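1. mind looking at a prediction? Sequence and model below.
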Amino acid sequence: MSRHIIAILRGLTPSEALPVTEVLIEAGITKIEVPLNSPEPLKSIEAMARGFSGKAEIGAGTVLEAEQVHQVKTAGGTLIVSPDCNPDVIRITKAEGMSSFPGVMTPTECFSALRNGADGLKFFPATLIGPDGLKAMLAVLPKGTKTYAVGGAGPDNFDHWLKAGATGFGIGTALFKPGYTVDEIKARAEAIVTAYDAAETSNE
């Protein structure tokens, strides 16, 4: 089962990369980003992509420049997530055959991202938009647009976001923080997947 959950591992170190990725996949989270402001992110991405190819979509977050897209591609990543909507980053991501999830907050940014080829939209910070804001924007976005709430979305409110029309979520500190043990991350991942599945079921 492929869930619309993107794990955001900000602060992950290369030595943690493989054991953390393994427990996330076992819990059922198969989209994983390592933000580029983490320690040696490309080294982590390379190890994760090599170790779990075919089992998870691995890539980078906080991608701000086109050159960074090429670096992630070289490391084996296939997923590019950004906090902003940079048409150059989106176009180059798609030209490289990778998945693009730019950050947006307004209808103008949403349409700009989609016109440049984005695969999905990262609504960030979701706390400022809220489920009602997303619902209003979905009224004008193309049907089937994939939308991810990031920043303020979690197990406590998955249901509200899904009812508003969100496709999925990016989960950061509720899942991973530097210093968490692998067992803690495993337990958090399992709780998040359980809450997500329950919210999905209640919205069917």
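-> Good, I have the coordinates. Numbers count the residues shown, from 1 in each chain.

2. may I have the phi/psi pair for Ile129?
-> phi -90, psi -50 (degrees, to the nearest 10).

3. which regions of this structure sit below the pLDDT cut-off?
-> Low-confidence segments of the chain (pLDDT under 70): 1.

4. could you redo the last one with a cut-off of 50?
-> Counting by pLDDT under 50, the chain has no low-confidence residues at all.

5. who does the helix ranked longest in it touch, helix- and strand-wise?
-> Secondary structure of the chain read by DSSP state H shows that its longest helix is helix 182-202. Judged by 3 or more C-beta pairs under 8 Å, 6 or more residues apart in numbering; DSSP states H and E, the packing partners of helix 182-202 are strand 5-8, helix 14-27, helix 158-164. Bear in mind the C-beta positions are built from the backbone N, C-alpha and C, glycine included.

6. name the residues of it that are buried.
-> Neighbour counts over helix 182-202 (16 or more other C-beta atoms under 10 Å) mark 185-186, 188-190, 192-193, 195-196, 199-200 as buried.

7. re earlier: same list, the helices and strands packed on helix 182-202, but as a markdown table with distance to Ser38 and mean neighbour count please.
-> Converted to a markdown table, these look like this (distance: least, C-beta to C-beta, whole Å; neighbours: other C-beta atoms under 10 Å):
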| stretch | distance to Ser38 | mean neighbour count |
| --- | --- | --- |
| strand 5-8 | 10 | 26 |
| helix 14-27 | 9 | 19 |
| helix 158-164 | 25 | 20 |
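
8. which among these is found nearest to Thr106?
-> Thr106 sits nearest to helix 158-164 of all the helices and strands packed on helix 182-202, at 16.7 Å, using C-beta to C-beta.

9. after the closest one, which helix or strand is next?
-> Using DSSP states H and E, the helix or strand that directly follows helix 158-164 along the chain is strand 168-171.

10. return the distance of that next one from the chain's centre.
-> Centre-to-centre, strand 168-171 and its host chain are 6 Å apart (C-alpha atoms, centre = their mean, to the nearest Å).

11. same deal with stretch 172-184?
-> Taking C-alpha atoms, centre = their mean, one finds the center of stretch 172-184 at 16 Å from the center of the full chain.

12. I'm done for today, thanks for sticking with me.
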